[in-house]
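Undergrad: The following comprises the amino acid sequence and a computationally predicted model.
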Amino acid sequence: MALLPSYSYSESIAPYFGSTGNAVTDQSLRWSMGDILPDPPGLDINGVIYSYTINKDVDDQVDVHVQNENALGTGYIFRETDRWMPGSLSGTGINKVVPVVPGIPRAAWGEGSIEVEGEGSVSDPTVRYTYRVDPCFDPQFDPNCPGYKTPVPDIPTIDLSSLYDVTNDENVNLNRETELTEESDEDEKTEEELAEEEEEEEKDREQRLEDALAEAGRSEMFAQALAQSQILASVNAATNMNSYYSTSIAGGTYKENVVLVDKDLPNSKRGLRNGLAQQLLHEKMIDMQYNR
Amino acid sequence: MKKQTIGFVALLLASTSWALAEDVPIEGTVQSRCVIQTDTAGVYGNPNAYTLTTDPSDGGALAIIRFDVTLADAYKAEITAPSSFSSSPPLPDVVTWTGDTEVDAVSDASGMGSYETDKVEQGLKDIYDLTATGSTWFKTSSVATMGGSKAFPGGNYTALVVAECIAQ
């Protein structure tokens, strides 16, 4: 039990295995690993499974290489050679599973190919890669991954002196400070200065009073004009009514002078229908009273 | 009475001797180093009324047998194509059998590539020396022809390929 790993993996972070499809898709017998390997990081190729049928004369020797170039250097990161000796018959197939040393970086797996050396060829080739994916390759993938670190937000350092400080703004009037300043100014002023200020304030007061009175005078004049116009309007109205009051109507008989031209004025059919229904109902009620 | 005593003593000695003995078992398990598996079961096609064949061009399928060997030069593969039906409807005449076994695929080109050329044929039986470790796939064909060009009666037919791994 002591040898058991101390980490307990949840289902989502447990390593899983898979295999690619056939990498050989055309007669060129070459393929790009980027086209066949899936995307997730932490992918580690652990085997190559391939098959093909050799075509050659029985007396020939043919070497077939299934290989991947080293994308991070020279040579091959993987190379498996099948040596078909004289005596082996054409049409014989090969099915092979080749384990790969784990831990080869994914980026090192360069272009793959099947290379034939000698007088021969291959047919029906298939090459598949088996792999293992460790979701916790990046510990930050999941909080349950070993080595996971709780992310700390990256807070940039700011030079506070470069920030706007309202207290240093000359255009901002901070009342409290102003009052304090005024109070302090008040304390510092001399009697002459105070007398001058009082005199100026007195002048201002007089000026404000004058302005107010002038405004009041203008308002009074406006009100008087309005009242006068209303009086004139009422006088004119009284004058107009008098003409009616003074009219006299001559006595005598006034005959009807409106004559209806139609001799027969038919009743409305709608009203007739309604009236007939009411009449019938009325007669029915009367008959009921007399038990008829 | 003496005899009895002797007899008793003798019996006592014998008993003591037997009680001191210990049977120590030696156990072991031999794992098979040659495993045979059916990779693909064969199918008979019926190109005409009197022939059953596994030829794919006639609608049949070859039987594929896989031999896995983990010890080189220790076994021979003996594969025998069918020579009779294990189950069939009553047949109206004698059936003639032909068959053959070939290497279909190997897991080691250099070590197993010559299995086919080196095989020994004994009628319907083909014998291969399994000189290398790894897997070898053999394919077996079979053709059954009804005598007198009579038709095979309708029904299900089963024939068996016998594959054996014989220690050398």
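TA: Structure's in. What do you need? Residues are numbered from 1 along each chain as shown, chains lettered A, B, ... in the order given.
Undergrad: what sits against the residue of the stretch 101-250 of chain A at minimum distance from chain B?
TA: Chain B sits closest to residue A:124 of the stretch 101-250 of chain A, with a gap of 10.6 Å, by CB to the nearest CB. The C-beta positions use only the backbone N, C-alpha and C, and glycine is treated the same way. Under the criterion of CB atoms under 8 Å, 6 or more residues apart in numbering or on different chains, the neighbours of residue A:124 are A:51-53, A:93.
Undergrad: how about it, phi and psi?
TA: Main-chain dihedrals, residue A:124, degrees, to the nearest 10: phi 50, psi 50.
Undergrad: And the contacts of stretch B:85-103?
TA: A:89, A:92, B:79, B:81-84, B:112, B:115-116, B:119, B:124, B:126, B:128, B:136-148, B:150-160.
Undergrad: re the thing from before, a markdown table please, covering the contacts of residue A:124 and showing secondary structure, distance to residue A:29 and neighbour count.
TA: Listed next are the contacts of residue A:124 as a markdown table, based on DSSP: H, G, I helix; E, B strand; the rest coil; distance: CB to CB, whole Å; neighbours: other CB atoms under 10 Å in any protein chain shown:
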| residue | secondary structure | distance to residue A:29 | neighbour count |
| --- | --- | --- | --- |
| A:51 | strand | 13 | 19 |
| A:52 | strand | 9 | 24 |
| A:53 | strand | 13 | 16 |
| A:93 | strand | 16 | 19 |
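Undergrad: Flag every residue of chain B that's near chain A.
TA: Chain B comes close to chain A at residues B:103-110, B:113-114, B:116-118, B:135, B:137, as judged by CB under 8 Å from any CB of the partner chain.
Undergrad: run the last query once more with 10 Å
TA: Residues of chain B lying near chain A by CB under 10 Å from any CB of the partner chain: B:39, B:66, B:102-118, B:134-137, B:139.
Undergrad: Weed out the non-buried ones from these.
TA: Among the residues of chain B next to chain A, those buried by neighbour count (16 or more other CB atoms under 10 Å in any protein chain shown) are B:66, B:102-116, B:134-137, B:139.
Undergrad: In helices, which of those residues fall?
TA: B:109-112, B:115-116 (DSSP state H).
Undergrad: Check the residues you listed and tell me the two furthest apart.
TA: Pairwise distances across those (CB to CB) peak at 14.2 Å, for the pair B:110 and B:116.
Undergrad: what kind of secondary structure is residue A:79 in?
TA: Three-state assignment for residue A:79 (DSSP: H, G, I helix; E, B strand; the rest coil): strand.
Undergrad: Do I have it right that it meets residue A:63?
TA: No - counting by CB atoms under 10 Å, residue A:79 sits too far from residue A:63 to count as a contact (11.1 Å).
Undergrad: where do the contact lists of those two overlap?
TA: residue A:115 (CB atoms under 10 Å, 6 or more residues apart in numbering or on different chains).
Undergrad: Quick check: next helix or strand after the helix or strand of chain A with the lowest mean pLDDT?
TA: When the helices and strands of chain A are compared on mean pLDDT, DSSP states H and E, helix A:175-188 comes out lowest with a mean of 57. Past helix A:175-188, further along toward the C-terminus, the next helix or strand under DSSP states H and E is helix A:191-245.
Undergrad: So for that following helix, mean pLDDT?
TA: Per-residue pLDDT over helix A:191-245 has a mean of 80.
Undergrad: Who are the packing partners of that helix?
TA: Helices and strands touching helix A:191-245, by 3 or more CB pairs under 10 Å, 6 or more residues apart in numbering or on different chains; DSSP states H and E, are helix A:175-188.
Undergrad: Pull the number of nearby residues for residue 132.
TA: This is for chain A. 15 (other CB atoms under 10 Å in any protein chain shown).
Undergrad: Not quite, go with chain B.
TA: 19.
Undergrad: so it, which of the three states?
TA: Using three-state DSSP, the structure places residue B:132 in coil.
Undergrad: got the contact list for it?
TA: Residue B:132 makes contacts with B:69, B:72-73, B:106-115, as judged by CB under 10 Å, 6+ apart.
Undergrad: try 6 Å
TA: Counting by CB atoms under 6 Å, 6 or more residues apart in numbering or on different chains, residue B:132 touches B:72, B:108, B:111-112.
Undergrad: how near is it to chain A?
TA: Applying CB to the nearest CB, to the nearest Å, the value for residue B:132 to chain A is 12 Å.
Undergrad: And residue A:132, how far from residue A:20?
TA: 13 Å (CB to CB, to the nearest Å).
Undergrad: now swap in residue B:138 and tell me
TA: Distance from residue B:138 to residue A:20, by CB to CB: 29 Å.
Undergrad: Which of the two has more residues huddled nearby?
TA: Between residue B:138 and residue A:20, counted using other CB under 10 Å, the more crowded position is residue B:138 (26 against 19).
Undergrad: Any stretches of chain B with poor pLDDT?
TA: B:1-19 (pLDDT under 70).
Undergrad: Please enumerate the helices of chain B.
TA: B:2-19, B:109-112, B:115-118.
Undergrad: so how far is the second one off the chain centroid?
TA: Here the centre of helix B:109-112 is set off from its chain's centre by 23 Å, with CA atoms, centre = their mean, to the nearest Å.
Undergrad: so what secondary structure elements neighbour that helix?
TA: If you count contacts as 3 or more CB pairs under 6 Å, 6 or more residues apart in numbering or on different chains; DSSP states H and E, helix B:109-112 packs onto strand A:76-84.
Undergrad: Can you list the neighbours in contact with stretch A:36-54?
TA: In contact with stretch A:36-54 (CB under 6 Å, 6+ apart) are residues A:20, A:23, A:66, A:84, A:92-93, A:95-100, A:102, A:106, A:122-134, A:137.
Undergrad: Looking at these, which are in strands?
TA: A:66, A:84, A:93, A:95-99, A:122-133 (DSSP state E).
Undergrad: ok, of the residues you listed, which come out buried?
TA: A:66, A:84, A:93, A:95-96, A:122, A:125, A:127-131, A:133.
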